[in-house]
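1. Just a sequence and a predicted model for now, questions to come.
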Amino acid sequence: MKILVTGGAGYIGSHAVRRLLQYNYKVVVYDNLVNGHKESLPAEAELVVGDLNDKEKLDKLFKEHEFDAVMHFAGFIEVGESMKNPAKYYKNNVVNTLNLLEAMVNNNVKKIIFSSTAALFGYPDEIPIKEETKKEPVNVYGRTKLMTEQMLKDFDAAYGLKFIALRYFNASGADFGIGEDHNPETHLIPIILQVAMGKRKAIKIFGTDYLTKDGTCIRDYIHVTDLINAHVLALKKLLSANESNYYNLGNGNGYSVKEIIEAAREITSHPIPAIKSKRRSGDPAVLVADSTKIQKELGWKPKYDLKAIIKSAWEWHKNNPSGFEENIN
């Protein structure tokens, strides 16, 4: 079977490409390389450089290939940037996804795995967060993902396009000899590891007065390998059952910012200085997933704990201090 992976040269997408190839799927990557790295892709994956705003190129792509399904990772993900530049996020995450869905329907490709987010829950009214928990995103990024989920639901009702939306909590770690390389980096674990590597002087802790066990925010971290394994299970389910669905993806365990820093100190043997800073707007105190549904329905089970996540990320960053400047295959 042949799968189109949009945003497949990005952090999570490139891991998905390699796992799909292991399962003998044929893979075509469509990526504009704004945030992706062609060096993260193996030779077996065909890369088409293009943007989802190019309707003509999209239609040509679908006509040249007989895709069985799409995995859609091509979204902008930075919360802070989404609040400063909402137009960028609505254009890419909503309008460009609409272009993709129209191209799919026009070319009779009716199955998609969508990279969604825990950000659509906003300040959740229950912990752990279930699929049915009220969705009131507090930032533009979360709103664009919620809009896309609604589009998928409407396309299912009108055109029979079936989807599975996977709502990520905090993806981290590294596998397949590739890792996380954003510029600028905004994710907590790689920023902490940049301190250990001497690229930053200290890590900032945004808020130490939350009503949590140590006053810092608590988040649910999931190894990128566990995340991708869930995508493959979701794809198999979608291809066989042809039913739309939603699943939360997390470890089910919450770790505070201080706990993550302490774990990184132990693994890297570096003091990793920390500086207390003011809270950031839009940061809920606790975000932890209830992943019972995907475990029961698809047999998915996360294998990696926080230390395993940090260890894998640390190994990659040590071996690739300049990220993807050198070709990795």
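-> Received it, and whenever you're ready, just let me know what you need.
2. how's this structure carved up into domains?
-> Listed domain ranges for the chain are 2-172+222-249, 188-219+252-325 (source: automatic domain parsing).
3. Now render the ones you listed as CSV, adding mean pLDDT and distance to residue 182.
-> (Each C-beta comes from the backbone N, C-alpha and C, glycine too.) Conversion of the domains of the chain to CSV gives the following (pLDDT from 0 to 100; distance: least, C-beta to C-beta, whole Å):
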stretch, mean pLDDT, distance to residue 182
domain 2-172+222-249, 97, 7
domain 188-219+252-325, 95, 7
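4. Let's have those domains in JSON lines, adding mean neighbour count.
-> What follows is these, written out as JSON lines (neighbours: other C-beta atoms under 10 Å):
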{"stretch": "domain 2-172+222-249", "mean neighbour count": "20"}
{"stretch": "domain 188-219+252-325", "mean neighbour count": "17"}
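5. Residue 179: which of the ones you listed is closest?
-> domain 188-219+252-325 (3.3 Å; C-beta to C-beta).
6. What is the end-to-end distance of the closest one?
-> End-to-end span of domain 188-219+252-325 (C-alpha to C-alpha, to the nearest Å): 22 Å.
7. related to what we said a few turns ago, take the domains of the chain and lay them out in CSV including distance to residue 179.
-> Converted to CSV, these look like this (distance: least, C-beta to C-beta, whole Å):
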stretch, distance to residue 179
domain 2-172+222-249, 8
domain 188-219+252-325, 3
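8. wait, which of the ones you listed is closest to residue 181?
-> domain 188-219+252-325 (3.6 Å).
9. the helices in the stretch 201-329 of the chain, which residues?
-> Counting by DSSP state H, counting those that start in this stretch, one finds helices in the stretch 201-329 of the chain at the ranges 224-241, 257-268, 292-298, 306-319.
10. Just the pLDDT for residue 329.
-> Confidence at residue 329, expressed as pLDDT, is 41.
11. begin at 759 from here
-> Yes, from this point I'll number from 759; that puts the last item at residue 1087.
12. Switch the helices of the stretch 959-1087 of the chain over to a markdown table; also include distance to residue 900.
-> As requested, these are exported to a markdown table (distance: least, C-beta to C-beta, whole Å):
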| stretch | distance to residue 900 |
| --- | --- |
| helix 982-999 | 18 |
| helix 1015-1026 | 20 |
| helix 1050-1056 | 20 |
| helix 1064-1077 | 23 |
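13. any idea which helix is longest in the protein?
-> helix 898-917 (DSSP state H).
14. Give me the contact list for that helix.
-> 833-837, 840-841, 844, 847-848, 851-852, 855-856, 859, 863, 868, 870, 872, 874-875, 877-880, 893, 895, 919-921, 923, 1002, 1004 (C-beta atoms under 8 Å, 6 or more residues apart in numbering).
15. rerun that using 7 Å as the cut-off
-> Helix 898-917 has contacts (C-beta atoms under 7 Å, 6 or more residues apart in numbering) with 835, 837, 840-841, 844, 847-848, 851-852, 855-856, 859, 863, 872, 874-875, 877-878, 880, 893, 895, 919-921, 923, 1002.
16. and if you look at stretch 845-859?
-> By C-beta under 7 Å, 6+ apart, stretch 845-859 touches 764, 810-811, 813, 816, 830, 833-834, 840, 898-899, 902-903, 905-906, 909, 913, 919.
17. With stretch 766-779 instead?
-> Stretch 766-779 is contacted from outside by 761, 763, 765, 785, 787, 789, 791, 793-796, 798-800, 802-803, 805, 829, 831, 873, 929, 933-934, 936, 938, 982, 985-986, 989-990, using C-beta under 7 Å, 6+ apart.
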